[in-house]
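[1] Provided below for reference: sequence and predicted model.
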Amino acid sequence: MKLTETLEDFYTVKINGMPENLKKEIGHFNVFKLDEYIGSTCSPLPYTRKDFYKISLIIGKNKVHYADKVVTIEDQALFFANPQIPYSWEHIDENQTGFFCIFTDAFFSQFGNLKEYPLFQPGGNPVVPVSEELAESLKTIYLKMLEEINSDYAFKYDVLRNLVFEIIHLALKTQTVTASLYSKSNATIRVSSLFLELLERQFPVESISQQINFRSPSEYASQLNVHVNHLNKALKETTGKTTSQIISERIIQESMILLKQTNWNINEIAWCLGFEELSHFINFFKKNVQVSPKNYRLAEID
């Protein structure tokens, strides 16, 4: 099974052709009506990581499979997908509509760090239910995107970036947890953001020869040039979790992905995730998931 779907894969499978300038662009952006890519005649979305970001307005009953979670969308919702986490979704009924835009990290180079936003962080909630009123406002934004991308305006990509940020901030405003996040001091937020960025740099694991570099809070603190107690305090204030909890949750998430998506043996997965002894990985996994890695993999196959 292919671990990561590229932009080229997306255009080949979904669009039946690639834009001429795709490989020449520094950053890529495009926007689509969802209606044209759903239904019985369309290929199902495979459960994989993608090497691009995607923000979808989904209207209709759906199930979103994201990392190790399954979220049911009853009416309408925004879904924020990032390159770190695999996902797929299944349509539960035939009445489906909506929009989606795709873009690369490079498209926002020097225009802000997307990874700092909770919607794109591993511990964040990427599925944001929206009201009918907000859904109408979001439709208007996506229609502006479609109009803008087909225009001849020299600065249209700046306009498109602003429209993406407008969607992100509308979604964040519906999540009350962000109020407490941004009430913290800038220094605390910065330390937390740098830690999460360093953590995410180690993932995804895409080869049995790739091993993560850091596993302990002290190793991360050393890389960030802060005391481990200061790092722990900053994360506790911004996320409500300790450094060890966040690291463990991310390693568990990656181990579940690798057990589900690859045919690597468990010893190889353990080594990739920084465990020199297989027994240590098995005990760590059982403590957090309540089943052994082998039984988890068998259950996923069934």
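    The structure has been received and is ready for your questions.

[2] Please list all residues in contact with the most centrally placed residue in the chain.
    Central residue of the chain (CA atoms, centre = their mean): N82, 3.0 Å from the mean position. Shown in contact with N82 (CB atoms under 8 Å, 6 or more residues apart in numbering): 53, 114-115, 120, 126. All C-beta atoms are positioned from the backbone trio N, CA, C, and that covers glycine.

[3] ok, 10 Å please
    For N82, the contact set (CB atoms under 10 Å, 6 or more residues apart in numbering) comprises 49-50, 52-55, 105, 114-115, 117, 119-122, 124, 126, 200.

[4] Identify those among the residues you listed that sit within strands.
    Members of the contacts of N82 lying in strands (criterion: DSSP state E): 49-50, 53-55.

[5] Tell me which two in these are the farthest apart.
    R49 and I55 (16.3 Å; CB to CB).

[6] what's around the nearest residue to L7 once chain neighbours are set aside, how many residues?
    The spatial neighbour of L7 that comes closest, neighbours along the chain excluded (CB to CB, 6 or more residues apart in numbering), is F52 at 5.5 Å. Neighbourhood size, F52 [other CB atoms under 10 Å]: 22.

[7] Could you do A187 as well?
    Other residues close to A187 by other CB under 10 Å number 10.

[8] Contacts only, for it.
    By CB under 10 Å, 6+ apart, A187 lies in contact with 230, 234.

[9] For the helix or strand hosting it, what does the pLDDT average out to?
    A187 is part of helix 186-201 when elements are defined by DSSP states H and E. What helix 186-201 shows for mean pLDDT is 83.

[10] and if you look at stretch 287-302?
    88.

[11] Can you list the neighbours in contact with that stretch?
    Stretch 287-302 is touched from outside by 68, 248-249, 251-252, 255-256, 258-263, 266-267, 269-270, 278, 281-286, with contacts defined as CB under 10 Å, 6+ apart.

[12] Just the buried ones out of those, please.
    Among the contacts of stretch 287-302, those classed as buried by neighbour count (16 or more other CB atoms under 10 Å) are 68, 248, 251-252, 255-256, 258-262, 266, 269-270, 278, 281-282, 284-285.

[13] neighbour count winner among R49 and I55?
    I55 (24 against 21).

[14] From what I see, the more buried one and F32 are in contact.
    No. Contact between I55 and F32 fails when scored by CB atoms under 10 Å: they sit 11.4 Å apart.

[15] who touches both of those two?
    Counting by CB under 10 Å, 6+ apart, the residues touching both I55 and F32 are 99-102, 142.

[16] Report the two of those residues separated the most.
    Between any two of the shared contacts of I55 and F32 (CB to CB), the greatest distance is 12.5 Å, for I102 and Y142.

[17] Find the residues that touch each one of the two.
    With CB under 10 Å, 6+ apart applied, the overlap between the contact sets of I102 and Y142 consists of 31-32, 55-56.

[18] ok, so of those residues, who is nearest Y153?
    Ranked by distance to Y153 (CB to CB), the shared contacts of I102 and Y142 are led by V31 at 15.0 Å.

[19] Can you list phi and psi of the closest one for me?
    V31 has phi and psi values of phi -140, psi 140 when expressed as degrees, to the nearest 10.

[20] pLDDT wise, what is it at?
    Per-residue confidence for V31 comes out at a pLDDT of 94.

[21] for it, which residues make a bridge with it?
    In this structure, V31 bridges to C101 when assessed by DSSP bridges.

[22] My guess is it contacts L160. True?
    Yes. In this structure V31 lies within contact range of L160 using CB under 10 Å: 7.8 Å.

[23] Show me whatever sits in contact with both of these two.
    With CB under 10 Å, 6+ apart as the test, V31 and L160 both reach 101, 103, 144-145, 148-149.

[24] Could you list which of those belong to strands?
    Per DSSP E, strands hold the following members of these: 101, 103.

[25] Give me the buried subset of the shared contacts of V31 and L160.
    So, of the shared contacts of V31 and L160, 101, 103, 144-145, 148-149 end up buried under the neighbour-count rule (16+ other CB under 10 Å).

[26] State the phi and psi torsions of D51.
    Per degrees, to the nearest 10, the backbone of D51 is at phi -90, psi 20.

[27] Enumerate every residue touching it.
    Contacts of D51 by CB under 10 Å, 6+ apart are 4-10, 83, 104-105, 204.

[28] buried subset of those?
    5, 7, 9-10, 83, 104, 204.

[29] what are the ranges of the helices in this structure?
    Along the chain, the stretches classed as helices by DSSP state H are 7-10, 132-149, 156-173, 177-181, 186-201, 217-224, 228-239, 243-261, 266-272, 278-289, 293-301.
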